[in-house]
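S.K.: Make a model of this:
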Amino acid sequence: MSVPHPSRPTRTLRRAATVALTAALAATLSGCGAMLGPGTTADGDPMPTVQDLYAKTREATLAAKSGHVTGFVTDEGESMTVDLEGRTNGANQRVRITTDDGRATMLSVKGRLYISADWDFWASSTADPRAGDVFKNKQVLVPPKQARKFPSEMTLGTLLDEAFKDASVSPVARFVSDVGLRTENDREVWVVKDRDIELWSDRKTDRLVKLVYTGDDPFELTFDKWDAARTFKAPRPSAVYR
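M.R.: Sure, this is the predicted structure:
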């Protein structure tokens, strides 16, 4: 009886990388548009327009070299939690996902990709129960040919580029987006709300704090550790399945 091979492309990983997250982020900012009328904050500072706030948040966020995002996304009614931390270019990062098919962790270190997952994930994503028995909770080193595909698809930088692919926000005459100021975890954040979309931006750093979508296929993603993400080490050689 042959042993199942870990290099087989999995539906769960591919969807997590190319559909759920990028689609969620891309949908977030496309609807924001109209500028807020004149106003001031409680301490007398002028209230920013949606376009000004978007531009500053975009510039500051895309300049980050590392960061962390955690939360959940929904794709065609299926929910997935995600915890991604590391360099924005994916050179060093850890991605944890939980879906109806199980839990998995992807670790990228020095050009190598390691996957650790539970029995349910391996059995479901490979359509082979033997894979669950063989690879369960082991650090599986993915062959280089397959590993090269993932850094370009599921990195913080790729997700942010997708979210902020438009250099500016076009006004939409029939919608008026609201800009508010609130305190979250002892810091002030700007909150842009347009129907079922919210964008949160740190008042001091102008960097992205949260994206929320409450329409069809809702999601909520929280961002932190800008330029302060951890540096991950490769698993011990004895712990790696090759």
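
S.K.: can you list the weak-confidence ranges in this protein?
M.R.: For the chain, the stretches with pLDDT under 70 are 1-44, 149-153, 169-177.

S.K.: Give me the most central residue, it.
M.R.: Centroid-nearest residue in the chain: Val69, 5.3 Å away (criterion: Cα atoms, centre = their mean).

S.K.: Next, please give the residue ranges for the strands of the chain.
M.R.: Taking DSSP state E, the strands of the chain run over residues 66-75, 78-87, 92-99, 102-109, 112-117, 139-141, 178-184, 187-194, 197-202, 208-213, 219-224, 240-241.

S.K.: Can you give the distance of the shortest one from its chain's centre?
M.R.: Same thing as strand 240-241. The chain centroid and the centroid of strand 240-241 are separated by 27 Å under Cα atoms, centre = their mean, to the nearest Å.

S.K.: picking up where we left off before, out of the strands of the chain, nearest to Pro46?
M.R.: strand 178-184 (10.8 Å; Cβ to Cβ). C-beta: built from backbone N, CA, C; applies to glycine.

S.K.: Packing partners of the closest one?
M.R.: With contacts taken as 3 or more Cβ pairs under 8 Å, 6 or more residues apart in numbering; DSSP states H and E, strand 178-184 sits against strand 187-194.

S.K.: partners of the strand it packs on in the sheet?
M.R.: With DSSP bridges as the test, strand 187-194 is paired with strand 178-184 (antiparallel), strand 197-202 (antiparallel).

S.K.: could you check the angle strand 187-194 makes with the lengthiest helix in the chain?
M.R.: Using DSSP state H, we find that the single longest helix of the chain is helix 50-62. Helix 50-62 runs at 120 degrees relative to strand 187-194, counting by axes from the mean of the first three to the mean of the last three Cα atoms, to 10 degrees.

S.K.: Pull out the buried residues from helix 50-62.
M.R.: Residues of helix 50-62 classed as buried: 50-51, 53-58, 60-61 (neighbour count, 16 or more other Cβ atoms under 10 Å).
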